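# got a predicted model here, sequence first, then my questions.
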Amino acid sequence: MTVTMTRSAGTRVARHPAQRFDWPATLALHLLPVAATFAAAFALRAPVRALDLPPQFALTLAFAFVLTPIQLGLLLHAAHRVTGRWSLVALPSVLSFQRRLPPRLYLMLLPSLAAIALGVAILLDPDLVPAGAGTGVLAATLVVDGLLRPVAQEVYFRAYLLPRLPVGGGLAVLTSAALSTVQFAWHPQPAVFMFVVQLMLAAVTVRLGSVRVTIAAHCLIAAAAPLAALL
């Protein structure tokens, strides 16, 4: 296996080429966790209604307690196969795009990416916050959708799966964005908005070789709607 060295912010980082998956494995790793999440959300609809909570909150719960644990488990399993350890510390062994960027680049990129996302949101006007949500639901949505899910999504879809797609270049960026948007298929309007955001984040990840900045950008974009509703 060839190991290349890249210089970033005064440091040298070893990058191990990721082995590409075939299409069946690619589709399974993208779609089966989402299918389990939708099944859990459907099962949670009745309890959520019984508690007089917005129906959409069932999906938020499923994202937190089904999708994220499944993604983390798959990452831990992949890291265990490489290192022999079941540990979060072993995760970098299977993650790509770990380049460290200078702080000034974050200051330039984050407002720009957030402004683009805001422009798309104004254009499409997606319903991103549960209708009739109280403070408790909005706070939980902020934690799950504004922090937990963006971090898990960028690490799993971008740093782990994107470099292992059976296609490369711009087609890999487009495929990653499309497959990672499936989890928003419950409503076509947010799905269109999310596809644009996913496409933007995937392109930035590949262009800069860093998932760190897209984690920060994704959290900023995703937290904006529930935070605004809370305030």
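That came through, no problem. Residues are numbered from 1 along each chain as shown.

# ok, which stretches of this structure are helices?
With DSSP state H as the criterion, the chain has helices at 23-50, 57-62, 68-83, 103-124, 135-143, 149-153, 169-181, 188-208, 212-230.

# and the residue nearest the centre of the chain?
In the chain, the residue lying closest to the centroid (CA atoms, centre = their mean) is residue 153, at 2.0 Å.

# contacting residues for residue 168?
Shown in contact with residue 168 (CB atoms under 8 Å, 6 or more residues apart in numbering): no residues. To be clear about C-beta, it is placed using only N, CA and C from the backbone, and glycine gets the same treatment.

# to clarify, my last question referred to residue 182.
Shown in contact with residue 182 (CB under 8 Å, 6+ apart): 30, 31, 34.

# distance of the closest residue to the second one other than its chain neighbours relative to residue 145?
Read it as residue 31. In space, and not counting its chain neighbours, residue 31 is closest to residue 182: 6.2 Å by CB to CB, 6 or more residues apart in numbering. Remark: distance between residue 182 and residue 145 (CB to CB, to the nearest Å) = 16 Å.

# equivalent analysis for residue 221, please.
10 Å.

# give me the below-cutoff pLDDT ranges for this protein.
1-17, 121-133, 186-189, 225, 228-231 (pLDDT under 70).

# so what touches stretch 33-53?
Under CB under 8 Å, 6+ apart, the answer for stretch 33-53 is 54-55, 57-59, 61-63, 65-67, 70-71, 74, 137, 182-183, 186.

# which of those are buried, as a PyMOL select command?
Here is the PyMOL command that selects the buried residues among those (16 or more other CB atoms under 10 Å):
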select buried, resi 54+57+58+59+61+62+63+66+67+70+71+74+137+182+183
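
# residue 221 and residue 145: which is more packed in?
Between residue 221 and residue 145, counting by other CB atoms under 10 Å, residue 221 is the more crowded of the two (25 against 21).

# that one against residue 117, yeah?
Yes: with contact defined as CB atoms under 8 Å, residue 221 reaches residue 117; the gap is 4.4 Å.

# ok, now how distant is the most far-flung residue of the chain relative to its centre from residue 157?
What lies farthest from the middle of the chain is residue 50; by CA atoms, centre = their mean that is 30.3 Å. Residue 50 is 33 Å from residue 157, where distance means CB to CB.
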